[in-house]
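Enquirer: sequence first, predicted coordinates after that:
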Protein chains: 2
Amino acid sequence: MTVEGRPSLPPATRTVFFVSDGTGITAETFGHAVLSQFEMRFRQIRIPFIDTLDKARDAARRINEVYHADNQQRPIVFSTLVKHDLSGVIRAANGMHMDLFQTFVAPLEMELGVKSTHTIGRIHNIVDSEEYKNRIEAINFSLAHDDGQSHKNLADADVILVGVSRSGKTPTSLYLAMQYGIKAANYPLIPDDFERGKLPSSLPQFKHKLFGLTITPERLAEIRNERRAGSKYASIENCRYEVNEAEVMMKREGIRWLSSTTKSIEEIATTILQEIKPDRREY
Amino acid sequence: MTVEGRPSLPPATRTVFFVSDGTGITAETFGHAVLSQFEMRFRQIRIPFIDTLDKARDAARRINEVYHADNQQRPIVFSTLVKHDLSGVIRAANGMHMDLFQTFVAPLEMELGVKSTHTIGRIHNIVDSEEYKNRIEAINFSLAHDDGQSHKNLADADVILVGVSRSGKTPTSLYLAMQYGIKAANYPLIPDDFERGKLPSSLPQFKHKLFGLTITPERLAEIRNERRAGSKYASIENCRYEVNEAEVMMKREGIRWLSSTTKSIEEIATTILQEIKPDRREY
């Protein structure tokens, strides 16, 4: 697929709609996963918050317009609409319909022996739930404990990421907080620590929840040069030194780690969760 | 559903597996959306990175164990496995299978007239893509421009959120960056601004990309009291004053805004995207 627009692909020939009674994030996440299996470009249009018949009719009209504009090629329509009447209006439009709820909810009703609630917006409209509050609290925690800013309340952290500057700790911490409600602090390992040959002094007592990120010196130099071109900080020699020292230290201290070089923050976060197994979740 | 564990629900009676050859985030996002339609508790188990036959056999074994432990009640299995052989191993286990790729990829192949690539990990293993780089850059931008920390490069922002302290600007900015690669700065409106009766001086030139968040004084006082209990800052009188002044200012300056009081960051972010329509995306 093509969100990123690989230059080798031909121009977009199909339009994809994501239609939802809520934010459309579920439809989009799922649609991207399916479309990523095709070496094609797609033009993407999101239509969120379709929670009345009038809005559904408007959305159907837009789908039909694209059908005609695209020379009678049916747009692909990923939808998450819990109400039958809204879903019916959309499915009457000229599209190829991937109706996620209609496909899966009915068989689940059979299996579970209960009726679904058909309630709109139960996923992302949960500001009063414990889970949502935990996520917001985790985001605030991770921000306050970014880059070793604060030693306070490190005991409350679910995980403390360590690694050299620009090894990926900050985006990973924020992702863990935002997606999973994990309180992720992060702490840089800096040349001072390597000279002293010791972890920063506030960390050893929390060794069971330390997790290391490393990175190849070449990739690190590339990233650092984007910020401070030509500096000693970004030089390949210095990057080699820091990465080597950090890895020696993590090995000696028995800290689990992974390399972020070719991994996305989603992959890093998932791997950390598998390793750390925070108490309140089952894995 | 139950992630949040509503106390009125009975104990979990069914187990749900999320099985994936990648992070499992798609399977989980989708599964949560479907399960949220049922007033039941579910015990959840994620099994990511199932990319070999041996791992698939292990996962199938875990599903079968749960089937027996749950008194022959089939666990619900949401899976995103692009390889037929891995998917086949999982589907042979005693579960109710919601196989997302097998359900939707084949009809899409017919519709598009091309074969899918059956390539594992195309969604979240994209660290070299432009889109991924944009997301990381946006996260760094949003962090550097949190809470009015920097006036530098505000011209590069896609959106600048304004509002009183603790109205939800920071988590919304980070979500916009992380989910959509949107460079979202945020800027507090503080009593100094209200006394001067003017927007902070670096903002008026960017009026087209300002977006306001407001909140009810009652909810604001609640949130502020969690951080600084009993302070003037958190008092209901002060919250009423600040919220009123901020709304008057936003009205006078013609700044679009919404109330974050009952909205999740996902809903706020989606609404902002609809309003702001950043150039490089189609909505």
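Expert: Noted; the coordinates are in hand.
Enquirer: so who does the spatially closest residue to residue A:52 that is not a sequence neighbour touch?
Expert: Nearest in space to residue A:52, with sequence neighbours left out and distances taken as C-beta to C-beta, 6 or more residues apart in numbering or on different chains, is residue A:86 at 7.9 Å. Just so you know, the C-beta spots here come from the backbone N, C-alpha and C atoms, and that holds for glycine as well. With contact set as C-beta atoms under 8 Å, 6 or more residues apart in numbering or on different chains, residue A:86 has these partners: A:21, A:50, A:51, A:52, A:53, A:56.
Enquirer: what about 7 Å?
Expert: Residues in contact with residue A:86 (C-beta atoms under 7 Å, 6 or more residues apart in numbering or on different chains) are A:21, A:50, A:53, A:56.
Enquirer: one more: residue A:216?
Expert: residue A:261.
Enquirer: list the buried residues in stretch A:216-236.
Expert: Neighbour counts over stretch A:216-236 (16 or more other C-beta atoms under 10 Å in any protein chain shown) mark A:217, A:219, A:220, A:221, A:223, A:224, A:225, A:233, A:234 as buried.
Enquirer: swap that for stretch A:148-163, please
Expert: By 16+ other C-beta under 10 Å, the buried positions in stretch A:148-163 come out as A:148, A:154, A:157, A:158, A:159, A:160, A:161, A:162, A:163.
Enquirer: tell me which of those residues fall in strands.
Expert: Judged by DSSP state E, strands contain the following of the buried residues of stretch A:148-163: A:159, A:160, A:161, A:162, A:163.
Enquirer: now tabulate those in TSV and tack on pLDDT and distance to residue B:271.
Expert: Converted to TSV, those look like this (pLDDT from 0 to 100; distance: C-beta to C-beta, whole Å):
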residue	pLDDT	distance to residue B:271
A:159	96	32
A:160	97	35
A:161	97	32
A:162	97	38
A:163	98	36
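Enquirer: now, among those, which is nearest to residue A:202?
Expert: If you rank those by distance to residue A:202 using C-beta to C-beta, residue A:160 comes first, at 9.3 Å.
Enquirer: picking that back up, show the buried residues in the contacts of residue A:86.
Expert: When the contacts of residue A:86 are checked for burial by 16+ other C-beta under 10 Å, the buried set is A:21, A:50, A:56.
Enquirer: any chance of the residues you listed in TSV, plus pLDDT, secondary structure and distance to residue B:249?
Expert: Below are the buried ones among the contacts of residue A:86 laid out as TSV (pLDDT from 0 to 100; DSSP: H, G, I helix; E, B strand; the rest coil; distance: C-beta to C-beta, whole Å):
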residue	pLDDT	secondary structure	distance to residue B:249
A:21	93	coil	34
A:50	96	coil	33
A:56	98	helix	37
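Enquirer: residue A:50 against residue A:21, yeah?
Expert: Yes. Assessed by C-beta atoms under 7 Å, residue A:50 is found in contact with residue A:21 at 5.5 Å.
Enquirer: would you check which pair of the buried residues of stretch A:216-236 lies furthest apart?
Expert: Taking every pair in the buried residues of stretch A:216-236 and measuring C-beta to C-beta, the maximum separation is 15.0 Å, between A:219 and A:233.
Enquirer: sorry, back to before: spell out the secondary structure type for the residue nearest to residue A:52.
Expert: The three-state label given to residue A:86 by DSSP: H, G, I helix; E, B strand; the rest coil is helix.
Enquirer: from chain B, how far off is it?
Expert: Relative to chain B, residue A:86 is positioned 14 Å away (C-beta to the nearest C-beta, to the nearest Å).
Enquirer: which intervals of the stretch 151-283 of chain A have sub-threshold pLDDT?
Expert: Where the stretch 151-283 of chain A drops to pLDDT under 70, the residues are A:278-283.
Enquirer: can you give me the strands for it?
Expert: A:159-163, A:184-188, A:210-214, A:257-259 (DSSP state E, counting those that start in this stretch).
Enquirer: nearest to residue B:238, out of those strands?
Expert: The nearest among the strands of the stretch 151-283 of chain A, by C-beta to C-beta, is strand A:184-188 at 31.3 Å.
Enquirer: list of residues touching that closest one?
Expert: Contact with strand A:184-188 is made by A:142, A:145-148, A:154, A:157-162, A:164-165, A:169-170, A:173, A:176-177, A:200, A:203, as judged by C-beta under 7 Å, 6+ apart.
Enquirer: same question for stretch A:110-119.
Expert: Residues contacting stretch A:110-119 (C-beta under 7 Å, 6+ apart): A:82, A:83, A:105, A:109, B:14, B:37, B:38, B:39, B:40, B:96.
Enquirer: neighbours of the fourth one, how many?
Expert: Using other C-beta atoms under 10 Å in any protein chain shown as the criterion, residue A:109 is surrounded by 14 other residues.
Enquirer: now do the last one
Expert: The burial count assigned to residue B:96 is 17, neighbours taken as other C-beta under 10 Å.
Enquirer: surely it is in contact with residue B:74?
Expert: Yes. Using C-beta under 7 Å, residue B:96 makes contact with residue B:74 at a distance of 4.8 Å.
Enquirer: then stretch A:136-144 to CSV, C-alphas only?
Expert: The C-alpha coordinates for stretch A:136-144 follow below in CSV (Å, rounded to 0.1, in the frame of the first residue of the first chain):
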residue,chain,number,x,y,z
ILE,A,136,-3.9,10.1,30.5
GLU,A,137,-2.1,9.7,33.8
ALA,A,138,0.5,7.5,32.1
ILE,A,139,1.0,10.2,29.4
ASN,A,140,1.6,12.8,32.1
PHE,A,141,3.9,10.5,34.0
SER,A,142,6.0,9.7,30.9
LEU,A,143,6.3,13.3,30.0
ALA,A,144,7.4,14.3,33.5
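Enquirer: how about that stretch against chain B, any contact?
Expert: Yes. Using C-beta under 7 Å from any C-beta of the partner chain, we find that stretch A:136-144 touches chain B at A:136, A:139, A:143.
Enquirer: helix/strand/coil for the first one?
Expert: With three-state DSSP as the basis, residue A:136 sits in helix.
Enquirer: rewinding a little: how about the buried residues of stretch A:216-236 in a markdown table, adding distance to chain B?
Expert: Shown next, in a markdown table, are the buried residues of stretch A:216-236 (distance: C-beta to the nearest C-beta, whole Å):
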| residue | distance to chain B |
| --- | --- |
| A:217 | 17 |
| A:219 | 10 |
| A:220 | 14 |
| A:221 | 16 |
| A:223 | 9 |
| A:224 | 13 |
| A:225 | 14 |
| A:233 | 16 |
| A:234 | 16 |
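Enquirer: can I get those residues in a markdown table including distance to residue A:241?
Expert: Formatted as a markdown table, the buried residues of stretch A:216-236 follow (distance: C-beta to C-beta, whole Å):
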| residue | distance to residue A:241 |
| --- | --- |
| A:217 | 8 |
| A:219 | 15 |
| A:220 | 11 |
| A:221 | 11 |
| A:223 | 16 |
| A:224 | 13 |
| A:225 | 16 |
| A:233 | 11 |
| A:234 | 12 |
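Enquirer: in helices, which of those residues appear?
Expert: Here DSSP state H is the test, and the buried residues of stretch A:216-236 give A:217, A:219, A:220, A:221, A:223, A:224, A:225 as lying in helices.
Enquirer: as CSV, these with distance to residue A:30 would be great.
Expert: Formatted as CSV, those follow (distance: C-beta to C-beta, whole Å):
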residue, distance to residue A:30
A:217, 38
A:219, 31
A:220, 35
A:221, 38
A:223, 31
A:224, 37
A:225, 37
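Enquirer: and the nearest residue to residue A:213 once chain neighbours are set aside, bridged to which residues?
Expert: For residue A:213, ignoring the flanking residues on the chain, the nearest one in space by C-beta to C-beta, 6+ apart is residue A:163 at 3.9 Å. With DSSP bridges applied, residue A:163 shows beta-bridge pairing to residue A:188.
Enquirer: this completes my enquiry, with thanks.
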